[in-house]
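Peer 1: what follows is a predicted protein model with its sequence.
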Amino acid sequence: MTTPWTLPGYQRLLKLQQRIYTFWSMQGEEDGLDRGAALWVIDTYHLGVVPEGLGVHVTWFGDPWEEPWDWTQQVLSEPSVASIITSLTFDGPDEGANGTRAWDFSELIDTDACFPLLLSLFVRPTAPDDHNSSMIARDVLKEGGQIARLVATAPRLTHLTVPNAPDASFFDVPLQRLTNLRVGGGYDTQRFVANLAGAKNLPSLKHLDFSECTELRSTWQADREPGCVTSFESYAELVSSPVGRRLRSLCLRNAGLSLAELESLQGLNPDLAIMVVQDGHGGYVSHFRKDVFPWRHLVQTDSGTDEMRYHASGGDAKKRT
């Protein structure tokens, strides 16, 4: 019986793992890092390689611009390696340039790489307390169709998580098996919701987790690019579309919708489980009075009081008996 660790691709990944460890060790000595500390304490570059069924799960952690990142893309593109990978995860320390951590997959997608066994692709979305916004992009702030080209290498993909919305070319890629899709919040939604409403390439999609454009909570309305924030009309079009009718769950993160609009969406598709999550980007209290960014959403008192309950239901708390 063939096992993953006996395959040439697996051995190639282990050699890359050792090379990255050597790189980090040398850099750590120069920076005075404690080599005995836990990985998550000092943000150590590392490559995780774990046998998974008849394939391999690969986890990359590091900055997407130094030599190990180039090495990793080169190795992943090799047929002996790409042919055995069943899941890929990309993560890294909260570091970037001008507030952005750009994952540029050019070196991988510019090859003929194909991942015939890849079922899950995860590029970590931006967390609320991150100082740098993560996005997949060739150039800073320009996704440029990289996500579409990336998923085109994995015809069996079932689970996809990306830190920002793909452009319209994503909907030209046949993703017949994709069931779970999470799209993180970036600077621009690229009309993702409107494009998804008319999509023909996602017949198996059942679960969608979509984050609104970060500009909604970080930039004053007058300073935003027109159309960067998803409109209620686009959401309504989605939940009413054939794609929306096939969905079982829809998670809306940081959507700028009123209670009436949310209830209207539910009314358009009563069988759809719509969850609302507010986990927008954090901010420093010292910046509140300077009005550097919209911050009111960060200041919330107890929403579970009787007064809040009656106000929410349209009643009058003073008339309670």
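Peer 2: Received, thanks.

Peer 1: in the sheet, who's paired with residue 180?
Peer 2: Applying DSSP bridges to residue 180 gives these bridge partners: residue 159, residue 207.

Peer 1: so it is in contact with residue 158, correct?
Peer 2: Yes. With contact defined as CB atoms under 8 Å, residue 180 reaches residue 158; the gap is 6.8 Å. The way it works is simple: take the backbone N, C-alpha and C, and place the C-beta from them, glycine included.

Peer 1: so what's residue 113 closest to, chain neighbours aside?
Peer 2: residue 77 (4.0 Å; CB to CB, 6 or more residues apart in numbering).

Peer 1: that neighbour - how many residues pack around it?
Peer 2: When neighbours are counted by other CB atoms under 10 Å, residue 77 registers 19.

Peer 1: now residue 15: which helix or strand?
Peer 2: Element membership for residue 15 (DSSP states H and E) is helix 8-31.

Peer 1: so where's the chain uncertain?
Peer 2: Counting by pLDDT under 70, the chain contains low-confidence ranges at 1-2, 27-43, 97-98, 140, 310-321.

Peer 1: can you show me the strands along it?
Peer 2: Taking DSSP state E to define them, one finds strands in the chain at 46-52, 55-61, 85-91, 100-103, 120-123, 133-136, 159-162, 180-183, 207-211, 249-253, 273-277.

Peer 1: please name the nearest non-neighbouring residue to residue 203.
Peer 2: residue 176 (6.2 Å).

Peer 1: isn't that neighbour right next to residue 204, touching?
Peer 2: Yes. In this structure, residue 176 is within contact of residue 204 by CB under 8 Å, at 6.4 Å.

Peer 1: rewinding a little: and of the strands of the chain, who's closest to residue 308?
Peer 2: strand 273-277 (16.3 Å; CB to CB).

Peer 1: mind listing what's buried along that closest one?
Peer 2: Neighbour-count burial for strand 273-277, with 16 or more other CB atoms under 10 Å as criterion, is recorded at residue 274.

Peer 1: follow-up on the earlier one: name the helices or strands packed onto the helix holding residue 15?
Peer 2: The helices and strands touching helix 8-31, judged by 3 or more CB pairs under 8 Å, 6 or more residues apart in numbering; DSSP states H and E, are strand 46-52, strand 55-61, helix 67-76, helix 79-82.

Peer 1: what do you get if the cut-off is 6 Å, keeping everything else the same?
Peer 2: strand 46-52, helix 67-76, helix 79-82 (3 or more CB pairs under 6 Å, 6 or more residues apart in numbering; DSSP states H and E).

Peer 1: out of these, which is closest to residue 302?
Peer 2: strand 46-52 (41.6 Å).

Peer 1: relative to strand 85-91, how tilted is that closest one?
Peer 2: Interaxial angle of strand 46-52 relative to strand 85-91 (axes from the mean of the first three to the mean of the last three CA atoms, to 10 degrees): 150 degrees.

Peer 1: which other residues reach strand 46-52?
Peer 2: With contact meaning CB atoms under 6 Å, 6 or more residues apart in numbering, strand 46-52 is reached by 4, 5, 13, 17, 20, 57, 58, 59, 60, 61, 86.

Peer 1: could you do stretch 258-269 as well?
Peer 2: So stretch 258-269 is contacted by 232, 235, 239, 240, 244, 274 (CB under 6 Å, 6+ apart).

Peer 1: what residues of that stretch count as buried?
Peer 2: 261, 262, 265, 268, 269.

Peer 1: I'd say residue 152 and residue 173 touch.
Peer 2: Yes. Under the criterion of CB atoms under 6 Å, residue 152 makes contact with residue 173 at 4.8 Å.

Peer 1: can you give me the helices for the stretch 151-300 of the chain?
Peer 2: 192-197, 215-218, 232-240, 242-246, 259-268 (DSSP state H, counting those that start in this stretch).

Peer 1: quick revisit: farthest-apart pair in the contacts of stretch 258-269, please.
Peer 2: 232 and 244 (14.2 Å).

Peer 1: more neighbours: those two, which one.
Peer 2: Between residue 232 and residue 244, counted using other CB under 10 Å, the more crowded position is residue 244 (22 against 16).

Peer 1: distance of that one from residue 198?
Peer 2: According to CB to CB, to the nearest Å, residue 244 and residue 198 sit 11 Å apart.
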